[in-house]
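Visitor: I would like to see how this sequence folds:
(one chain, ligands or ions: 1)
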Amino acid sequence: MLKMEKSEIGLIGLAVMGQNLARNIADKGFQISVYNRTLEKTTEFIKKYGHSSKSGVEILGTVKIEEFVKSLKSPRKIIIMVKAGEAVDEVISELLPHLEKSDIIMDGGNSYYKDTEQRQKSLESSGISLIGMGISGGEEGALKGPSIMPGGNREAYEKVAPILTKIAADEDTAKSAKCVSYMGKNGSGHFVKMVHNGIEYAIMQLIAEIYDILKNLGKLSNEELAKTFENWNKTDYLKSFLVEITAKIFRKKDEKGQYLIDQIRDHGEQKGTGKWTSIASFDYGIATPTITSAVNARILSAFEKRRQIALPQVLNSQIKIPDKKTLIKLTQDALELCEILSYFQGFDLIAIANKEHNWRINLPEIARIWKNGCIIRSSLLDEFQTHNFPQFLFTDEKQNSLRHLIAIATAYAIPIPAVGNSLFYYDTLSAQKLPQNLTQAQRDFFGAHGYAKIGQEGTFHTDWQ
Ligand code: 2AM
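Guide: Purely as a prediction, here's the structure:
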């Protein structure tokens, strides 16, 4: 490759995600320049992966940011893959003196959508576009094809679309469509990615609770757990990345032949996207109880010392634990329904924020681009492409399984906050009548807040004493 030829695109930030995304871009035949704050990382990266054997592209490693910017074709297209927060602002400030009107920056990290909107505003007068670009798929996705959620200026998106389309995951085996789509205006891309992660928290917690039940009540061995999840990964509605990797996790042994899963501390950690999703749900006045339960479950699991003080538990032994086969069926049905409710809560949150901000997001497009490449890819997303809520999957039999399972788990003190709250959410939304008439009366009693009356106009107040 002649080094004089300018690159189609540039990438800043050579941690693993950045490296893999740069390799993916080069593998697809695009000339790319890279830059990293610490030069050694660039040097090492170029030595190891500078040549794409798939396309023959030689990745251009640059030492200085000016050199990096100068190596790019105009309008310059720059992906930044640095830690969300201050690092993004620092990189943008470093870039700005060297950029020109019409250049395009894509922030591929998990930036908070309001930060993205702030940055877009402050760049407005310069004519430089910032695309908030959610990327999901982990390290492997970045290399082989992630799901990409870009939001911001549409014209700027159209200019980078040919590259993004090539590097995204195939939507289906026919390779006719790709897992990338323009989400909408402003911070919508990062908002959609945030909610994607919230749903990811929910599904991971649901799977964890089902594991707890099967292991501790059903007494399934790791081998049996692996087989169960493997079988589920062949079913119409549980076929998904998270179910697939769960089966593999149960099989994994260390060098001594011991199961790894049993050696891992039960202290859940988090980086914040689940928390942001829950906060957003409160801000927009939408309930996402399965997602919020998952955030709380990670928080509570960290209280390892407190959990050692065993509190007395009264167990209701009148509820019998079913045989393994029955329990597996109950958990399968329950997991299906709770996963549907998790996706629904996420879509509901996106829909309300979309309406409020006039982002013009096309919701079925989100279901489509989540079908492959990303962590929450699942056969269930086919249903969300065509249904707002796939009620037809809530058969009497599956609903009974979910109720029965919750009765069993609670009788034996297995904590199932995500499974339980999913059902409470469904039952609340299905209830003809809720007891908030009493809440309203209480509010009026102590605070004279007033209440509305059935079939009558206006607000009423009573002297309750
Ligand atoms: P580094 O290798 O110099 O640490 C993930 O942390 C990536 O973001 C790394 O490539 C890291 O560069 C980069 N990064 C973190 N903070 C940064 C900053 N303030 N400016 C530029 N790059 C930064």
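Visitor: CA only for contacts and neighbour counts going forward, please
Guide: OK.
Visitor: Report the separation between the residue of the stretch 151-300 of the chain found nearest the ligand and Gly141.
Guide: Here the stretch 151-300 of the chain gets closest to the ligand at one residue, Lys271, 13.8 Å apart by CA to the nearest ligand atom. Per CA to CA, to the nearest Å, Lys271 is found 19 Å from Gly141.
Visitor: more neighbours, those two?
Guide: Neighbours were counted for Lys271 and for Gly141 using other CA atoms under 10 Å; Gly141 has more, 23 against 8.
Visitor: what residues are up against that one?
Guide: When contacts are counted by CA atoms under 8 Å, 6 or more residues apart in numbering, Gly141 touches 147, 169, 373-374.
Visitor: Now do the strands in the stretch 251-400 of the chain.
Guide: Read by DSSP state E, counting those that start in this stretch, the stretch 251-400 of the chain holds no strands at all.
Visitor: So for the spatially most central residue of the chain, what's the pLDDT?
Guide: Of all residues in the chain, the one closest to the mean position by CA atoms, centre = their mean is Asn197, 2.0 Å from it. pLDDT for Asn197: 98.
Visitor: So which bits of the host helix or strand of it are buried?
Guide: In this assignment (DSSP states H and E), Asn197 forms part of helix 188-216. Within helix 188-216, the residues scored as buried using 16 or more other CA atoms under 10 Å are 188-214.
Visitor: again with stretch 289-301
Guide: Buried, per 16+ other CA under 10 Å, within stretch 289-301: 289-295, 297-298, 301.
Visitor: you'd agree Phe384 is up against Glu365?
Guide: No: if you go by CA atoms under 8 Å, Phe384 and Glu365 don't touch, sitting 9.7 Å apart.
Visitor: The two: who's more crowded?
Guide: Remark: of Phe384 and Glu365, Phe384 carries more neighbours, 21 against 17, as counted by other CA under 10 Å.
Visitor: Look up how far Lys47 lies from the nearest residue to the more buried one once chain neighbours are set aside.
Guide: Leaving aside its sequence neighbours, Phe384 sits nearest to Ala367 (CA to CA, 6 or more residues apart in numbering; 5.9 Å). According to CA to CA, Ala367 and Lys47 sit 39 Å apart.
Visitor: what kind of secondary structure is Phe446 in?
Guide: Of the three states, Phe446 takes helix according to DSSP: H, G, I helix; E, B strand; the rest coil.
Visitor: Just the pLDDT at it, thanks.
Guide: 98.
Visitor: how about the strands in the stretch 1-150 of the chain?
Guide: Along the stretch 1-150 of the chain, the segments classed as strands by DSSP E, counting those that start in this stretch run 9-12, 32-35, 60-61, 77-80, 104-107, 129-136, 147-151.
Visitor: Of all these, which one is nearest the ligand?
Guide: That would be strand 9-12 among these, by CA to the nearest ligand atom, at 7.2 Å.
Visitor: which other residues reach that closest one?
Guide: By CA under 8 Å, 6+ apart, the surrounding residues in contact with strand 9-12 are 18, 22, 30-36, 68-69, 72-73, 76-82.
Visitor: Can you flag the buried ones in those?
Guide: For these, buried by 16+ other CA under 10 Å: 18, 22, 30-36, 68-69, 72, 76-82.
Visitor: same for the ligand: which of those residues are within range?
Guide: Among the buried ones among the contacts of strand 9-12, proximity to the ligand is found for 36, 82 (CA under 6 Å from any ligand atom).
Visitor: returning to what we had before: didn't the residue nearest to the centre of the chain look like it was pressed against Lys275?
Guide: No: using CA under 8 Å, Asn197 is not in contact with Lys275, being 9.7 Å away.
Visitor: quick one: contacts for Tyr113?
Guide: Residues near Tyr113 by CA under 8 Å, 6+ apart: 132, 187-191.
Visitor: so how far is Lys83 from the residue nearest to Tyr35 when sequence neighbours are not counted?
Guide: With sequence-adjacent residues excluded and distances taken as CA to CA, 6+ apart, Tyr35 is closest to Ile12, at 4.8 Å. Separation of Ile12 from Lys83 (CA to CA) stands at 11 Å.
Visitor: Looking at those two, which one has more neighbours?
Guide: The residue with more neighbours, out of Ile12 and Lys83, is Ile12; 23 against 14, by other CA under 10 Å.
Visitor: and the more buried one, how far is that from Lys41?
Guide: From Ile12 to Lys41 the distance is 11 Å (CA to CA).
Visitor: Burial check on Phe446, number of neighbours?
Guide: 11.
Visitor: need the residues of the stretch 251-400 of the chain near the ligand, please.
Guide: So the stretch 251-400 of the chain never meets the ligand (CA under 6 Å from any ligand atom).
Visitor: which residues of the stretch 251-400 of the chain fall in helices?
Guide: Taking DSSP state H, counting those that start in this stretch, the helices of the stretch 251-400 of the chain run over residues 273-284, 289-301, 304-308, 324-357, 363-369, 381-386, 396-411.
Visitor: Out of those helices, which gets the lowest mean score?
Guide: Ranked by mean pLDDT, the helices of the stretch 251-400 of the chain bottom out at helix 304-308, with a mean of 86.
Visitor: Show me what that one is in contact with.
Guide: Residues from elsewhere that reach helix 304-308, judged by CA under 8 Å, 6+ apart: His267.
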